[in-house]
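Colleague: Return a 3D structure for these sequence lines:
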Amino acid sequence: MRLLKKFAVILLGFILLLSFFFWLITSAVSPTIFKDFVTLKIKTYTQQPCEIEGNISWQLFPRPSIKIASIRIGNRELQSPYQIKLRQLFFNLKLSTLLQGKIIFDEIKITDLIADINSNYKPPLVKASNIASHSLLEKNIEEKFALERLLITNGKIRTRINNQLLTLNSLQLRLEQINLEQNLFPFQIKAHINYDLKQQPISAQLQFKGDANLAIDSLNQLETALKSTLLRGQLLIQNLKIGRFKINQIGANTSFKQATLSLNPLTLKFYQGEAIGDLNFNFLSKILKLNQTATGINAARLTLALFNQAFIKGKLDFSLHSQSNFINQDWLNTIMGNGNISLHDGTLAFFDLDSIVKKLSIKISNAQEKKEPKLDLDQESQDHLLHSKGPTSLKLMAIQYRLAQKMLFSDTLLLQTDMLQLKGKGEMNLTNYSLISHLLATLIVDDSNLNNIQELLGGGFPLIIHGTLTQPVILPDLKKINASLAKVWIRETFAKPVLKIKEQLVTFFYH
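Modeller: Residues are numbered from 1 along each chain as shown. Have a look, this model is predicted:
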């Protein structure tokens, strides 16, 4: 108990001593001296109007500091690049120098920052020159600043991209070892991102920890700032939502240099799978390069999120190597790339391929037995085929594709079930997902008659798939089927009489 009392007395004495030093030093320095100094420095570095609307005062707790309330920088006019409001700004004193009887500010802390960025701002052709301050008073105040840290809590940044509002909420920022010589210093940021994109709002939680530099002279020159900014560190994005589509986590080794953002390696975790690759985006040319290889994706959850319909089930693997240009809104027309898609032991929900091909084989067999020159399917017969609703159990689905001018092309498409193998090629429009595919279905059965039919059709049953990705329609390719049946009919109709005449002529001349 006595030890506790002694500790309390010592602590109280230390607080009183610190308070005395604080009162003694600050009583000789009026906080209002800082008003003109802070205003001038902000105007000099930002080239924007600055107004301190609140009070300026000293405070002892929770840390000795000068507190400035309500600062406004810039304005909402089109000629201004931004407007910033600071509810509270603290210049925190360095405790070790305070006990030595000196005033040194080593930390700036900002609470409740609101920044509105004008995305339509165009900088003037002639850059305004900074106004240097040389008064003795200003030099004396500058000597009291040895800033090591900048802290921002509960910040908000708003801007518009393509006339849609982008907001960073709950912003927390920490900069240490700050310098204006463009040397790298530790940099941390946390924020919640919201982008009010039409029909597909985007939200995510952002974290970054690494190193950055600060180019004060380029605050009003976006292109110069992008070229001079350096950034490196670890990026973590969690709970990314784009409409119904979700990504649990994005992690990347991040660098930013010469206006180019590089994420390498870039790892995504979504729908029970993982994708790894890299991304490069140039903020001046707007060129995006993306490479990703994904494994173990839950295909049902993915297609449900993207198309509001779970039309594929199973574990999906895919790769993507692409380049596109976002210089205008028609970026899809600029996309170029290639990749692979594969599905193992899954299901296709639209139709029963095995049943459709079986029914088609029966109809072709009947037409051949009746020696008909073509297969004539009326609407009722086509509907009978189409009513073979799925699902189709797939042992394997493999697609090699390429991207060009809003289209996806596949020259190698393979589907395999227990009973058949489907091969062919097709294409799909990436804007409305309309598709057309020409396929050849080969039944894997021990049936000589059926195998003969497949052989005369070119190795399998020709099929056409058209419609859209979410509502495909499968039909027999009557043009190819009838061309093959016509050859057989001609051979059987004309070849036998010709052979009979030949035999009669041989008998006449040699007997």
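Colleague: pLDDT wise, what is the nearest residue to Phe256 once chain neighbours are set aside at?
Modeller: Spatial nearest neighbour of Phe256, excluding adjacent residues (Cβ to Cβ, 6 or more residues apart in numbering): Leu231 at 3.7 Å. Quick note: C-beta positions are derived from backbone N, CA and C, even for glycine. Here the pLDDT value assigned to Leu231 is 92.
Colleague: Helices of the stretch 51-200 of the chain, residue ranges please.
Modeller: 95-98, 136-142 (DSSP state H, counting those that start in this stretch).
Colleague: and the ones you listed, which one's lowest on average pLDDT?
Modeller: Ranked by mean pLDDT, the helices of the stretch 51-200 of the chain bottom out at helix 136-142, with a mean of 59.
Colleague: got any ranges where this structure has weak pLDDT?
Modeller: Low-confidence segments of the chain (pLDDT under 70): 1-31, 76-79, 95-103, 122-146, 180, 215-223, 365, 367-388, 484-511.
Colleague: what distance separates the longest strand seen in the chain from the centre of its chain?
Modeller: Looking across the chain with DSSP state E, the single longest strand is strand 145-161. Distance, stretch centre to chain centre, for strand 145-161: 25 Å (Cα atoms, centre = their mean, to the nearest Å).
Colleague: what's that strand packed up against?
Modeller: On a contact count with 3 or more Cβ pairs under 8 Å, 6 or more residues apart in numbering; DSSP states H and E, strand 145-161 meets strand 105-117, strand 164-176, strand 185-195.
Colleague: show me what contacts the nearest residue to Ile42 once chain neighbours are set aside?
Modeller: Excluding the flanking residues, the one nearest Ile42 by Cβ to Cβ, 6+ apart is Cys50, at 4.2 Å. Applying Cβ atoms under 8 Å, 6 or more residues apart in numbering, we find Cys50 in contact with 38-39, 42-43, 71-73.
Colleague: Narrow those residues to those that are buried.
Modeller: By neighbour count, with 16 or more other Cβ atoms under 10 Å, those hold 38-39, 42, 71-73 as buried.
Colleague: still on that earlier bit, take the helices and strands packed on strand 145-161 and write them to a markdown table, including distance to Gly426 and mean neighbour count.
Modeller: A markdown table is the format used below for the helices and strands packed on strand 145-161 (distance: least, Cβ to Cβ, whole Å; neighbours: other Cβ atoms under 10 Å):
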| stretch | distance to Gly426 | mean neighbour count |
| --- | --- | --- |
| strand 105-117 | 45 | 18 |
| strand 164-176 | 35 | 16 |
| strand 185-195 | 34 | 17 |
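Colleague: Export these as a markdown table, with columns for distance to Leu263.
Modeller: Shown next, in a markdown table, are the helices and strands packed on strand 145-161 (distance: least, Cβ to Cβ, whole Å):
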| stretch | distance to Leu263 |
| --- | --- |
| strand 105-117 | 23 |
| strand 164-176 | 19 |
| strand 185-195 | 16 |
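Colleague: follow-up on the earlier one: so which of the buried ones among the contacts of Cys50 comes closest to Leu86?
Modeller: Lowest distance from Leu86 to those (Cβ to Cβ) belongs to Ile71, with 4.2 Å.
Colleague: Distance check, the nearest residue to the closest one once chain neighbours are set aside against Ile68.
Modeller: Once flanking residues are discounted, Ile71 sits nearest to Leu86: 4.2 Å by Cβ to Cβ, 6+ apart. Going from Leu86 to Ile68 by Cβ to Cβ, to the nearest Å gives 8 Å.
Colleague: cool, Ser119 as well?
Modeller: Applying Cβ to Cβ, the value for Ser119 to Ile68 is 29 Å.
Colleague: Of the two, which one has the most company?
Modeller: Between Ser119 and Ile68, Ile68 has the larger neighbour count (other Cβ atoms under 10 Å), namely 22 against 13.
Colleague: Would you enumerate the residues in contact with that one?
Modeller: Listed by Cβ under 8 Å, 6+ apart, the contact partners of Ile68 are 34-35, 38, 52, 54-56, 86, 88-91.
Colleague: swap in Ile247?
Modeller: Contacts of Ile247 by Cβ under 8 Å, 6+ apart are 237, 240, 268-270.
Colleague: same question, Asp317
Modeller: Shown in contact with Asp317 (Cβ under 8 Å, 6+ apart): 294-297, 340-344.
Colleague: try Leu113
Modeller: Counted by Cβ under 8 Å, 6+ apart, Leu113 has contacts 84-87, 152, 154-156, 171.
Colleague: For the stretch 401-511 of the chain, just list every one of the strands.
Modeller: 407-416, 420-429, 434-443, 461-468, 472-476 (DSSP state E, counting those that start in this stretch).
Colleague: need those in CSV with mean neighbour count and distance to Leu197, can you?
Modeller: Converted to CSV, the strands of the stretch 401-511 of the chain look like this (neighbours: other Cβ atoms under 10 Å; distance: least, Cβ to Cβ, whole Å):
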stretch, mean neighbour count, distance to Leu197
strand 407-416, 17, 23
strand 420-429, 18, 22
strand 434-443, 18, 24
strand 461-468, 19, 23
strand 472-476, 18, 29
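Colleague: I'd like these laid out as CSV, including distance to Leu175.
Modeller: Listed next are those as CSV, based on distance: least, Cβ to Cβ, whole Å:
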stretch, distance to Leu175
strand 407-416, 45
strand 420-429, 48
strand 434-443, 51
strand 461-468, 51
strand 472-476, 54
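Colleague: Can you tell me which of the ones you listed is nearest to Ile399?
Modeller: Per Cβ to Cβ, nearest to Ile399 of the strands of the stretch 401-511 of the chain: strand 407-416, 5.2 Å.
Colleague: May I have that closest one as CSV, with CA atoms only?
Modeller: Output in CSV follows, covering the C-alpha atoms of strand 407-416 (Å, rounded to 0.1, in the frame of the first residue of the first chain):
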residue,chain,number,x,y,z
MET,A,407,-15.6,-11.3,-79.1
LEU,A,408,-14.4,-14.5,-77.6
PHE,A,409,-13.3,-17.1,-80.1
SER,A,410,-12.6,-20.8,-79.5
ASP,A,411,-11.0,-23.0,-82.1
THR,A,412,-10.6,-25.9,-79.6
LEU,A,413,-13.7,-26.9,-77.6
LEU,A,414,-14.1,-30.3,-76.0
LEU,A,415,-16.8,-31.8,-73.8
GLN,A,416,-16.7,-35.4,-72.6
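Colleague: and it, what does it pack onto?
Modeller: Secondary-structure packing of strand 407-416 (3+ Cβ pairs under 8 Å, 6+ apart): strand 392-404, strand 420-429, strand 434-443.
Colleague: Now do the residue nearest to Ile71: how many residues are near it, please.
Modeller: 22.
Colleague: Mind listing the residues bridging to it?
Modeller: Beta-bridge pairing for Leu86 (DSSP bridges): Ile71, Leu113.
Colleague: hey, what's the nearest residue to Thr167 once chain neighbours are set aside bridged with?
Modeller: Excluding the flanking residues, the one nearest Thr167 by Cβ to Cβ, 6+ apart is Asn194, at 4.7 Å. Counting by DSSP bridges, Asn194 is bridged to Thr167, Ser203.
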